[in-house]
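Student: sequence below, structure please.
(chains A and B)
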There are 2 protein chains.
Amino acid sequence: MKIALLGLGSVGRGVVQVLSNPAYGFVITAAADSKSGVVAQQGKSLDMDEVFAHKAATGKCGDTAWNAERIVTEAEYDILVEVTPTNAQTGEPALSHIRAALARGKHVVTSNKGPVSIAYPELAHLATEHNAAFLFEGTVAGAVPIINGLVHGLAGNKVHQLFGILNGTCNYILTRMEEEGLTYAQALDEARDLGYAEADPTYDVNGTDAAIKLVILANAVFGMEVTLDDVIRIGIDRLTPDALRMAGTTNHTIRLIASIHPGKRLLEVSPRLIPKDHPLVVEGTLNAVTVETELAGPITFIGRGAGSVETASAVLADLLAVKERYGRT
Amino acid sequence: MKIALLGLGSVGRGVVQVLSNPAYGFVITAAADSKSGVVAQQGKSLDMDEVFAHKAATGKCGDTAWNAERIVTEAEYDILVEVTPTNAQTGEPALSHIRAALARGKHVVTSNKGPVSIAYPELAHLATEHNAAFLFEGTVAGAVPIINGLVHGLAGNKVHQLFGILNGTCNYILTRMEEEGLTYAQALDEARDLGYAEADPTYDVNGTDAAIKLVILANAVFGMEVTLDDVIRIGIDRLTPDALRMAGTTNHTIRLIASIHPGKRLLEVSPRLIPKDHPLVVEGTLNAVTVETELAGPITFIGRGAGSVETASAVLADLLAVKERYGRT
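Tutor: The predicted model follows:
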């Protein structure tokens, strides 16, 4: 199947690397970065090594006659893969691109949290209306196949509660504060040095990033209709090493827990006490999700919540699901 | 869709209970226990309360004019649900029933490890040939959607290694030996008292049960062609509390680990040292599986590995997958 790829940053490069294996049966026929675009000749696919070489030399992947917007509406492709950085306020420009692709009956696979958290109901409706797939496994918990697990693996199970560690930066900071008695500021500095925290870590440490992922799960998996404003959010920036030490005296620790009670329409991200031997207590930048279900009991999924190849892995699983369901080419 | 249900023990009762919710869209049109069978009138479904009442009163669910074999080949149904107890040596009589149903082009969903571990290649071929589904999520790790996770959630990912705690009885015994310093015999007695171990726990404690599950994963998920004889097996019955205490001095514990290295055709079930903070170290009767994948890195799945409703949950997820793919009724 033919792919139009929007976003040639680290996730985009991961996707290209993964799809270079011809066994998967995908070709890239169009690609765009934020400044330009490139489209393969009719019946051909792009040489992505050449595209990246061009980008390295000129700062643009193609020429400015093409761009993401024009590719979405005019290029020839079956699946739009949207892996540009998240804009948490408006979801743009990704939201408009996804909307336009679905309206053309093109399938969409994305790792971009913005559009999914802001406009899931509208986009899902558009996809259904045009018999297109709209998949976004990579938006929540990176490589961990949590959306597939909830929708398919635990199909038919009513979920009473979901608890997740959905932000690797916070989990790293809390792990280090616990293990070494570091202050929040020391642990944050260390996370920055290691590339686990961004220069401005506000969205991570104040719980917004985890809250956005909760909104996606709430709307897309549990059929709720909520927005970011519905999530109670308390960050980790005021936690002291003393609080963690106190927790330790009763064999507990403190982690930033994101939770959904679907029945009560309650969404919350906050630092919470949790027994050290609970499966959710994972180390470092790992992510983990425990769902308490009616029939299956509690089920926990653990893995890497970020990383370009890890996110590309989630994109690949979505692409293979589209191919299984719709692929006849 | 119409279901023929073979097996009215605890898992069968769990399945009946779950399917009584009409929202799922399944009806039971035929059922059999080991001695008899009962078939609904044309166009009707069975009243399972009545069937169980009849079984309680007479020891048989129906009359002896029908039995499992005749139901499989003559009754009207879309999906055979085979949830009778496992025969690890021959897989019979379930194996013959599954074979006959697939040969009629009927879908098969089973939680019975015997036939899948003994004859997966043949049964999968038969299913493909007759355009039928053959699903068995409930055979490995109970409620944990591990097969779906590997096949779909992590689709496209090469698995380097798989490590699993696939036997809840052994995990309970080892947990108790570690926590309380009990001997193997004491912990086994306790597990028996709580119903976590059978009167004859041989297959659990010598690693056979976990090995059977490994064979299923190896053949069905990793495309290997192995049998139980290919699995190196060492049980837990000679472990001493001292060994666990020694492990504890370096912050390790001992668990019965089932492992597959697909590239090396190496399958092994044995007690192994493992760091206490590893996600695989779960408490009590829980099951856990960690897969180390090429793109997604290590992913861990944790949940209840046994129980009638938990296994019924896996059967339900399989049934809904069949319905999504084939259901038009």
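Student: against which helices or strands is the helix ranked longest in chain A packed?
Tutor: In terms of residue count, the longest helix belonging to chain A (DSSP state H) is helix A:308-326. Using 3 or more CB pairs under 8 Å, 6 or more residues apart in numbering or on different chains; DSSP states H and E, the elements in contact with helix A:308-326 are helix A:10-19, strand A:79-82, strand A:107-110, strand A:134-135. All C-beta atoms are positioned from the backbone trio N, CA, C, and that covers glycine.
Student: shaky segments in chain A?
Tutor: Residue ranges of chain A with pLDDT under 70: A:328-329.
Student: please identify the residue most distant from the middle of it.
Tutor: residue A:249 (35.4 Å; CA atoms, centre = their mean).
Student: am I right that residue A:90 is in a strand?
Tutor: No: counting by DSSP: H, G, I helix; E, B strand; the rest coil, residue A:90 falls outside a strand, being coil.
Student: that one contacts residue A:117, correct?
Tutor: No: using CB atoms under 8 Å, residue A:90 is not in contact with residue A:117, being 11.2 Å away.
Student: which of the two has more neighbours?
Tutor: Per other CB atoms under 10 Å in any protein chain shown, whichever of residue A:90 and residue A:117 has more neighbours is residue A:117, with 27 against 12.
Student: quick one, phi psi at that one?
Tutor: With angles defined as degrees, to the nearest 10, residue A:117 sits at phi -70, psi -30.
Student: quick one, helices of chain A?
Tutor: A:10-19, A:48-58, A:68-74, A:94-103, A:113-129, A:146-148, A:168-180, A:184-193, A:202-205, A:208-220, A:241-249, A:308-326.
Student: closest to residue A:30 out of the ones you listed?
Tutor: Closest approach to residue A:30 among the helices of chain A is made by helix A:68-74 (4.7 Å; CB to CB).
Student: in the closest one, what counts as buried?
Tutor: A:68, A:71, A:72 (16 or more other CB atoms under 10 Å in any protein chain shown).
Student: same deal with stretch A:195-211?
Tutor: By 16+ other CB under 10 Å, the buried positions in stretch A:195-211 come out as A:196, A:197, A:201, A:203, A:204, A:205, A:206, A:207, A:208, A:209, A:210, A:211.
Student: how about stretch A:122-129?
Tutor: A:123, A:126, A:127.
Student: and which of those residues is nearest residue A:231?
Tutor: residue A:123 (19.8 Å).
Student: in CSV, list the buried residues of stretch A:195-211 along with distance to chain B.
Tutor: Converted to CSV, those look like this (distance: CB to the nearest CB, whole Å):
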residue, distance to chain B
A:196, 15
A:197, 20
A:201, 23
A:203, 24
A:204, 20
A:205, 24
A:206, 27
A:207, 24
A:208, 25
A:209, 20
A:210, 19
A:211, 24
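Student: would you map out the domains in chain A?
Tutor: A:2-143+A:309-326, A:147-304 (automatic domain parsing).
Student: check the offset of the shortest one from the chain's centre.
Tutor: Its chain's average C-alpha position is 14 Å from that of domain A:147-304, according to CA atoms, centre = their mean, to the nearest Å.
Student: nearest spatial neighbour of residue A:142, skipping sequence neighbours?
Tutor: residue A:305 (4.2 Å; CB to CB, 6 or more residues apart in numbering or on different chains).
Student: so who does that neighbour touch?
Tutor: For residue A:305, the contact set (CB atoms under 8 Å, 6 or more residues apart in numbering or on different chains) comprises A:141, A:142, A:143, A:144, A:165, A:166, A:167, A:168, A:285, A:286, A:287.
Student: isn't residue A:51 right up against residue A:30?
Tutor: No: contact criterion CB under 8 Å: residue A:51 and residue A:30 do not qualify, at 10.3 Å.
Student: which neighbours do the two share?
Tutor: Here residue A:51 and residue A:30 share the contacting residues residue A:38, scored by CB under 8 Å, 6+ apart.
Student: give me the distance between the residue in the stretch 1-150 of chain A that chain B sits nearest to and residue B:157.
Tutor: Nearest residue of the stretch 1-150 of chain A to chain B (CB to the nearest CB) works out as residue A:145 at 2.7 Å. Going from residue A:145 to residue B:157 by CB to CB, to the nearest Å gives 9 Å.
Student: for residue A:16, same thing?
Tutor: The separation that residue A:16 has from residue B:157, given CB to CB, amounts to 17 Å.
Student: which residues of the stretch 201-329 of chain A lie near chain B?
Tutor: Residues of the stretch 201-329 of chain A lying close to chain B by CB under 8 Å from any CB of the partner chain are A:277, A:279, A:282-283, A:286, A:288, A:293, A:295-304, A:307, A:309-310, A:312-314, A:316-317, A:319-321.
Student: residue A:294 reaches residue A:154, doesn't it?
Tutor: No: contact criterion CB under 8 Å: residue A:294 and residue A:154 do not qualify, at 9.8 Å.
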